[in-house]
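Undergrad: Kindly generate the corresponding structure for this input.
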Amino acid sequence: MPYRTERGRAGDGSGGFSLIELSIAMSGLLLVSAVMMSFFLGAVRVDDVHTSDDTALEQLRDARQRMSRDIREARRFTVAWQQGFTVWIDDGWDGVVGSGELVTWSIDVAGNLWRSLGDESRIEARGISVSDSYFAFDAPTPSSITSMQIHLVAVLVDPVDGSTTGTRSLDTDISLRNVP
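TA: Numbering: from 1, shown residues only. Alright, predicted model coming up:
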């Protein structure tokens, strides 16, 4: 006796899904997957932007900490301009200025914050806005400076398409403490 289904005759295959029903189900699944993938990619993009923001601020904070230490340890400023300065750190407390005792901080035209000590230079932070960042001093001549204001602005860049997503600024006031 042939196998009978409730819906149809024996052996006609009407107990399963038709090709049209499978196609509709797969299309629905594909649509739901596409929506979920777009949400996932959006979340990853937002996370990348936040990571870029955190990295820029961390670089600024680290550079500010090193710069503050150099200024506080300095005996005096030797050169000062809006995009940089040089301080003399009298390591031996001998009163003689040596090349290894001059620390220069500057912002170059590419937006890199440099720290130079003697013949050694390194980039402390990248992505600085050259037009918006500056160093301001409490006196017009370097030998009279006892404090300064630092205003650094980091330009945030989207890691995916390279577009600018905003800026973050960091302000601080620092005073010399080893003034003779």
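Undergrad: So what touches stretch 41-61?
TA: Surrounding stretch 41-61, the residues in contact under the criterion C-beta atoms under 8 Å, 6 or more residues apart in numbering are 124-127, 152, 154-160, 165-166, 168, 170. For every residue, glycine as well, the C-beta is placed using N, CA and C.
Undergrad: Check the residue most central in space within the chain and give its pLDDT.
TA: The residue lying closest to the centre of the chain (C-alpha atoms, centre = their mean) is A56, at 2.0 Å. Residue-level confidence at A56 comes out at 79, pLDDT.
Undergrad: One more: the one 3 residues further on?
TA: At Q59 the predicted local confidence, pLDDT, stands at 87.
Undergrad: With V49 instead?
TA: Reading off the model, V49 has pLDDT 71.
Undergrad: Against R69, how distant is it?
TA: Look at V49 and R69: by C-beta to C-beta, to the nearest Å, they are 31 Å apart.
Undergrad: And for A154?
TA: Relative to R69, and taking C-beta to C-beta, A154 is found at 20 Å.
Undergrad: re earlier: where does the residue nearest to the centre of the chain fall, secondary structure wise?
TA: Counting by DSSP states H and E, the element that carries A56 is helix 19-73.
Undergrad: C-terminal to that helix, what's the next element?
TA: strand 76-81.
Undergrad: What lies in contact with stretch 126-136?
TA: Contacts for stretch 126-136 (C-beta under 8 Å, 6+ apart): 56, 59, 80-85, 105, 107-109, 111-113, 148-157, 167, 169.
Undergrad: if we go to 7 Å?
TA: The contact list for stretch 126-136, computed with C-beta atoms under 7 Å, 6 or more residues apart in numbering, reads 56, 59, 82, 84-85, 107, 109, 111-113, 148-155, 157, 167.
Undergrad: in that stretch, what's buried?
TA: R126, G127, I128, S129, S133, Y134, F135 (16 or more other C-beta atoms under 10 Å).
Undergrad: and which of the residues you listed is nearest L19?
TA: Distance to L19 across the buried residues of stretch 126-136 (C-beta to C-beta) is lowest for G127, with 56.1 Å.
Undergrad: how far away is that closest one from S106?
TA: Taking C-beta to C-beta, one finds G127 at 15 Å from S106.
Undergrad: picking that back up, sort out which of the buried residues of stretch 126-136 are in strands and list them.
TA: Y134, F135 (DSSP state E).
Undergrad: Please report phi then psi for D119.
TA: Taking degrees, to the nearest 10, you get phi -90, psi 0 for the backbone angles of D119.
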